[in-house]
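Enquirer: coordinates only, sequence not included:
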């Protein structure tokens, strides 16, 4: 089992002790460090800033949002960071949701599967640098079609001036639903699994297997990474740990998506928490956040956690590994926790 440190995105400000956390993760033998973005801090700037003080640990985005950048721009950032880090970058991508895509980026959310496939294809073409990059797809056409409003018709196919250090920088995709996970197995090098549940492990493997079986699939199951974001808490008081992470579960289920489209809520429905999801969502939409948090059942929080004494946590990690998870992306926020987690694996 590999360990990744998930620094995520910022709240009101930067993570105060991030440099110490990153240094501790590298010293303890963590495989990677990840940053994310929502509608505040971006993923690449902190990753480059903090990563500059490292020499071994991989540097990943989990996730960079597709609608934040054209695929050529993402590829530029990726090849730049990969050069600066000596070949340690992992491209982690995700579609986000319609509230963010249309409300923050002013982009259409429709056809997320097709958009993802096209985006990844363009990024790979840029990194391959075999020929000027063109794309006939409707979502990211290159050059920009001359018959579209505002076009000059002067667009020219280009390839990057800078030669990528690696033409095959790994691309991992955030995915939650069956079609998205299957496509991830088909076109990507890894799956960024948020809210992974052991109870659904067999179902996840079925979705992945569908993608691996498609003609032209990029990887086999043995070559493919499954990186699961998880709260790992070494404690004698599991109830306290559950209470600590209850607000986060409530926020993602009730506040990180629209009533009509919330991928996190749909995932928890698959786990069997449909009634709780309905109640939490309704309370959030009414602005009753404290009540929404209180409505989250203990077992719903515990579903996606690894918690207990050191021996119990070690045993649970082995269960996740046996289920097919190759990396635990942990959200540790103190150096001692990072060291203790490293000692367990």
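Expert: On my side now, so go ahead. What you see is a predicted model, and the numbers here were worked out from it, not measured in a lab.
Enquirer: for stretch 198-207, what is the average pLDDT?
Expert: For stretch 198-207, mean pLDDT is 95.
Enquirer: Over to stretch 39-47?
Expert: 98.
Enquirer: Show me which residues of that stretch are buried.
Expert: By neighbour count with 16 or more other CB atoms under 10 Å, stretch 39-47 contains the buried residues 41-44, 46-47. Using the backbone N, CA and C atoms, a C-beta is placed for each residue, glycine as well.
Enquirer: Quick check: residue 109 is in a helix.
Expert: No. Counting by DSSP: H, G, I helix; E, B strand; the rest coil, residue 109 is not part of a helix but coil.
Enquirer: I'd say it and residue 116 touch.
Expert: No. Counting by CB atoms under 8 Å, residue 109 stays clear of residue 116, with 11.8 Å between them.
Enquirer: In this structure, where is pLDDT below threshold?
Expert: The chain contains residues with pLDDT under 70 at 257-261.
Enquirer: Would you map the strands across it?
Expert: In chain order, the chain shows strands spanning 2-8, 32-35, 58-61, 64-65, 89-94, 171-174, 190-194, 225-234, 305-308, 327-330, with DSSP state E as the criterion.
Enquirer: Parallel or antiparallel, which strands does the second one pair with?
Expert: Right, strand 32-35. Note on strand 32-35: by DSSP bridges, its sheet partners are strand 2-8 (parallel), strand 58-61 (parallel).
Enquirer: When residue 109 and residue 116 are compared, which one has more neighbours?
Expert: Counted by other CB atoms under 10 Å, residue 109 and residue 116 do not tie: residue 116 has more neighbours, with 23 against 18.
Enquirer: ok, that one touching residue 173?
Expert: Yes. Applying CB under 8 Å as the test, residue 116 and residue 173 come out as touching, 6.8 Å apart.
Enquirer: who touches both of the two?
Expert: 93, 180, 183, 187 (CB atoms under 8 Å, 6 or more residues apart in numbering).
Enquirer: now these: which count as buried?
Expert: Using 16+ other CB under 10 Å, the buried members of the shared contacts of residue 116 and residue 173 are 93, 180, 183, 187.
Enquirer: sorry, back to before: now, which of the shared contacts of residue 116 and residue 173 sits nearest residue 297?
Expert: residue 180 (26.3 Å; CB to CB).
Enquirer: Could you check how far the closest residue to that closest one other than its chain neighbours is from residue 120?
Expert: Distance criterion CB to CB, 6 or more residues apart in numbering; nearest residue to residue 180, sequence neighbours excluded, is residue 113 at 6.4 Å. According to CB to CB, to the nearest Å, residue 113 and residue 120 sit 11 Å apart.
Enquirer: Show me which of the two is the more surrounded one.
Expert: Ranked by neighbour count (other CB under 10 Å), residue 113 and residue 120 place residue 120 first, with 22 against 15.
Enquirer: Is it correct that the more buried one is in contact with residue 93?
Expert: Yes. The pair residue 120 / residue 93 is scored as a contact, 7.2 Å apart, by CB under 8 Å.
Enquirer: intersection of neighbour lists for the two?
Expert: 171, 173.
Enquirer: Okay, buried residues for stretch 293-313 please.
Expert: For stretch 293-313, by 16+ other CB under 10 Å, it's 293, 295-297, 300-308, 313.
Enquirer: quick one: contacts of that stretch?
Expert: 195-197, 199, 230-236, 238-239, 241-242, 245-247, 249-250, 253, 268, 271, 273, 276, 279-280, 283, 316-317, 320, 328, 340, 344.
Enquirer: Pick the most deeply packed of the strands paired with strand 32-35.
Expert: Across the strands paired with strand 32-35, averaging neighbours per residue (mean count of other CB atoms under 10 Å) puts strand 58-61 on top, at a mean of 26.
Enquirer: How about residues contacting that strand?
Expert: Strand 58-61 is contacted from outside by 4, 31-37, 43-44, 47-48, 51, 81, 85, 88-93, 172, using CB under 8 Å, 6+ apart.
Enquirer: In the stretch 101-250 of the chain, what residue spans correspond to helices?
Expert: All helices of the stretch 101-250 of the chain, identified by DSSP state H, counting those that start in this stretch, fall at 112-128, 178-187, 201-212, 238-250.
Enquirer: what does the first one contact?
Expert: Which is helix 112-128. With CB under 8 Å, 6+ apart as the criterion, helix 112-128 contacts 66, 71-72, 74-76, 78-79, 91, 93, 95, 133, 135, 137-140, 142, 159-160, 164, 166-169, 171, 173, 179-180, 183, 187-188.
Enquirer: what do you get if the cut-off is 6 Å, keeping everything else the same?
Expert: 66, 71-72, 74-75, 95, 133, 135, 137, 139-140, 160, 164, 167, 169, 171, 183, 187 (CB atoms under 6 Å, 6 or more residues apart in numbering).
Enquirer: Please spell out which residues along that helix are buried.
Expert: In helix 112-128, counting by 16+ other CB under 10 Å, buried: 112, 115-116, 118-127.
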